[in-house]
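Participant: Structure for the following, please:
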Amino acid sequence: MATHSLSPSHVPLQHLTRANPTHLLPQAKPRTHKHPTMVAALTKQSTVEIYPKPSKIPPFETSLQTSSAPPPNQPLLVVSTNSLQYESGFLGAIPEPYEESDGEDDVSDITYLTNILSSKVYDVAIESPLEYATKLSENVGANIWLKREDLQPGSFRFELDSFDLGICKILRIDDVFVLQGGYRVFSFKLRGAYNMMAKLSRDQLKKGVICSSAGNHAQGVALAAKKLNCDAVIVMPVTTPEIKWKSVERLGATVVLIGDSYDEAQTYAKQRAVKEGRTFVPPFDHPDIIMGQGTVGMEIHRQANDPLHAIDSLHAIFVPVGGGGLIAGIAAFVKQVSPEVKIIGVEPADANAMALSLHLGQRVMLEQVGGFADGVAVKTVGEETFRLCRKWVDGVVFVNRDAICASIKNMFEEKRSILEPAGALALAGAEAYCKYYGLKDENVVAITTGANMNFDRLRLVTELANVGRQREAVLATFMPETPGSFKRFCELVGPMNITEFKYRYDGCQKEAVVLYSVGLHKPSELAAMVNRMESSQLRTLNFTTNDLVKDHLRHLMGGQSNLEDEVIFRFVFPERPGALNKFLNAFCPLWNISLFHYRSQGESGANVLVGIQVASSEMDEFRSCANSLGFDYTDESDNAAFRLLMENYQK
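Facilitator: A predicted model of the protein is given here:
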């Protein structure tokens, strides 16, 4: 008998028919073109400025708004991530055919191509290797190649005995290349930042640059400034982990910590840019940034055709998508030199701003964005990046958090490298796509974009990796509260390996709910075990895809109760001192807190499950208080798993 599932779904998945997979492969849309195919160190001491949160940050001048901001009086459509969901691995959000109007876009596209070919990124970056993933290829049946931007800047195949980057030197020692005295940012972001800054005039460089970022873009700007002997100010939210802002500080930049969110940090950075005459370096929505990132596509094209790799035919390149700078640059190059190669974006299912924008034919703003893959947690994609993606990208694949964790583990087993969640996103998408369409013997490239993993995040990754690999299942079984039933349960589990088990006797009930996890080798093992349970009148439910169970309820077994007017919410707390007090001050003593479970996710914050007794007549006031916090939250009051595991039930 099939396993029952109580995984909540806010909207139904798009109806998908899986017939012959080889006939379902998405085909690239025909493209028409009017043009033929074309193939010093900073010595000043760095400082950190920490500002209290301002009571009010005035709006920035419209003349210097980034193009990703909504135009005056024309706000972007605000949408929920749940308004577009489909099965992992399915290629959706395929743009409508792009119609050229007056030829201006053609000129722009050729400009992208020629500027990518002549980019100056190699003053600081290196051509990252394209490596074959043997184990991963065997597992999925397709040939998976890894474009190792997580090693940037590093050095691998060079013909010279040394390679001087100015800020570091790579030496050949007994045929082994060694990075000497250098800085490593472990991310592709260096390319775009340097390409834009290298084009600034001498006067602009003298006045300095400024950016807002809590991640890899900050390190890219700081390293580029060091190479160009330019003063750099990096603005980060006060919630930024110390390890990140110290990494930027070591590169010689001035770090400013201000505001609770990225939006507040960005507003301050743009105001200071105006005040001090600095150049603001955006993270993705600028032609020079896009062109710098586009050199990744140029390298893939060259490497796929060189004798060392000799890839006969490249089916697709999988690219992680945040604001869209990387995929826009890659698409702008590859689609003009190899239009048959698919350019496929990969987004977390809860951070799908590009997919929704392509699906609706206009840029949108997400009302809430998932923060696990924080490197791509963007609510609004760029204006120029959207234009290019709408013209060149073949669609977007979704993956969930479990799949990302599985790919981090797969990468570790393949190369002994640990990727950050956003860095493993393209690999997760490539694996899901190949499995969904049954791709065999085709060549696909996945770009591993970053390795700035926070150590605290590894605990969660290890907990979810086997679930994402379909090597572990989370189940609940109803077991009679009678002598011998526990032994009988274990016998029915049989040869399956129990990896976690939660049980607490409840004398008030005829049945107990046992929450447990089992290791899997193949899906048929799980089906056989569940069938044994059902045949023995032990009702079994599958919670493998229920995040509420995996994050919280599996740690709260044994305390069931029925409370009047109890509502259940999940909040995302910023990882900084005072967050809990801010939460308590908002709700106490107005309402009684009946449940509280805190799960840190490292630098991206903490998942907090809260039960609060709120009368129905006071819900509007409660939501007003919740909104004033500025924390993302989700109502879980109707989650069937919570009612089953945490409330007293009657048989």
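Participant: Map the structural domains onto the sequence of the chain.
Facilitator: 91-120+320-329+339-465, 470-646 (the TED database).
Participant: ranking those domains by mean pLDDT, which is last?
Facilitator: Among the domains of the chain, domain 470-646 carries the lowest mean pLDDT, at a mean of 80.
Participant: where exactly do the strands run in the stretch 201-350 of the chain?
Facilitator: For the stretch 201-350 of the chain, the strands defined by DSSP state E, counting those that start in this stretch cover 209-212, 232-236, 254-257, 279-280, 314-320, 342-348.
Participant: To which secondary structure element type does residue 515 belong?
Facilitator: strand (DSSP: H, G, I helix; E, B strand; the rest coil).
Participant: Give the burial count for residue 417, as a bare number.
Facilitator: Counted with other Cβ atoms under 10 Å, the neighbours of residue 417 add up to 17. Heads up, the C-betas are built off the backbone N, CA and C, glycines and all.
Participant: Also residue 510?
Facilitator: Residue 510: 11 neighbours (other Cβ under 10 Å).
Participant: Likewise for the one 10 residues further on?
Facilitator: Each residue near residue 520 was counted by other Cβ under 10 Å, and the total is 21.
Participant: wait, isn't it in contact with residue 472?
Facilitator: Yes. Contact status for residue 520 versus residue 472: in contact at 6.2 Å, counting by Cβ atoms under 8 Å.
Participant: Nearest residue to the middle of this protein?
Facilitator: residue 373 (2.9 Å; Cα atoms, centre = their mean).
Participant: measure it to residue 452 for me?
Facilitator: 12 Å (Cβ to Cβ, to the nearest Å).
Participant: can you put the strands of the stretch 201-350 of the chain in JSON lines and add distance to residue 421 and mean neighbour count?
Facilitator: Output for the strands of the stretch 201-350 of the chain, formatted as JSON lines (distance: least, Cβ to Cβ, whole Å; neighbours: other Cβ atoms under 10 Å):
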{"stretch": "strand 209-212", "distance to residue 421": "21", "mean neighbour count": "28"}
{"stretch": "strand 232-236", "distance to residue 421": "19", "mean neighbour count": "28"}
{"stretch": "strand 254-257", "distance to residue 421": "23", "mean neighbour count": "22"}
{"stretch": "strand 279-280", "distance to residue 421": "27", "mean neighbour count": "18"}
{"stretch": "strand 314-320", "distance to residue 421": "10", "mean neighbour count": "27"}
{"stretch": "strand 342-348", "distance to residue 421": "8", "mean neighbour count": "27"}
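Participant: okay if I get these as TSV plus distance to residue 133?
Facilitator: TSV is the format used below for the strands of the stretch 201-350 of the chain (distance: least, Cβ to Cβ, whole Å):
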stretch	distance to residue 133
strand 209-212	33
strand 232-236	34
strand 254-257	37
strand 279-280	38
strand 314-320	12
strand 342-348	16
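Participant: tell me which element the closest residue to residue 132 other than its chain neighbours falls in.
Facilitator: Closest residue in space to residue 132, ignoring its immediate chain neighbours: residue 145 at 5.8 Å, by Cβ to Cβ, 6 or more residues apart in numbering. Secondary structure assigned from DSSP states H and E places residue 145 in strand 143-148.
Participant: Quick one: distance of that strand to the chain centre.
Facilitator: 19 Å (Cα atoms, centre = their mean, to the nearest Å).
Participant: okay, the angle between that strand and strand 314-320?
Facilitator: 40 degrees (axes from the mean of the first three to the mean of the last three Cα atoms, to 10 degrees).
Participant: who's the residue nearest to residue 132 bridged to?
Facilitator: Taking DSSP bridges as the rule, residue 145 bridges to residue 132, residue 445.
Participant: residue contacts, it?
Facilitator: Applying Cβ atoms under 8 Å, 6 or more residues apart in numbering, we find residue 145 in contact with 130, 131, 132, 133, 304, 309, 311, 443, 444, 445, 446.
Participant: ok, back up a step: count of residues packed around the nearest residue to the residue nearest to the centre of the chain once chain neighbours are set aside?
Facilitator: In this structure, residue 373 finds its nearest non-sequential neighbour in residue 421, 4.0 Å apart by Cβ to Cβ, 6+ apart. Using other Cβ under 10 Å, residue 421 has 29 other residues around it.
Participant: Wait, residue 421 touches residue 370, no?
Facilitator: No. At 10.2 Å, residue 421 does not count as touching residue 370 under the criterion of Cβ under 8 Å.
Participant: Need the overlap of contacts for those two.
Facilitator: In contact with both residue 421 and residue 370: residue 401, using Cβ under 8 Å, 6+ apart.
Participant: In stretch 205-224, which residues have enough neighbours to count as buried?
Facilitator: 205, 207-224 (16 or more other Cβ atoms under 10 Å).
Participant: Distance check, residue 503 against residue 513.
Facilitator: 8 Å.
Participant: For the two, indicate the residue with more neighbours.
Facilitator: More neighbours surround residue 513 than the other of residue 503 and residue 513, with 22 against 16 (other Cβ under 10 Å).
Participant: Just list whatever residues bridge to the more buried one.
Facilitator: With DSSP bridges as the rule, residue 513 is bridged to residue 478.
Participant: how about it, what does it touch?
Facilitator: 476, 477, 478, 479, 557, 644, 645.
Participant: again with residue 556
Facilitator: Contacts of residue 556 by Cβ under 8 Å, 6+ apart are 595, 597, 609, 645, 646.
Participant: Out of the residues you listed, which is nearest to residue 260?
Facilitator: Of all the contacts of residue 556, residue 609 has the smallest distance to residue 260: 21.7 Å, by Cβ to Cβ.
Participant: any idea how far that closest one is from residue 574?
Facilitator: For residue 609 relative to residue 574 (Cβ to Cβ), the value is 17 Å.
Participant: Now for residue 367, how many residues are close by?
Facilitator: 13.
Participant: residues touching it, list them.
Facilitator: 78, 79, 80.
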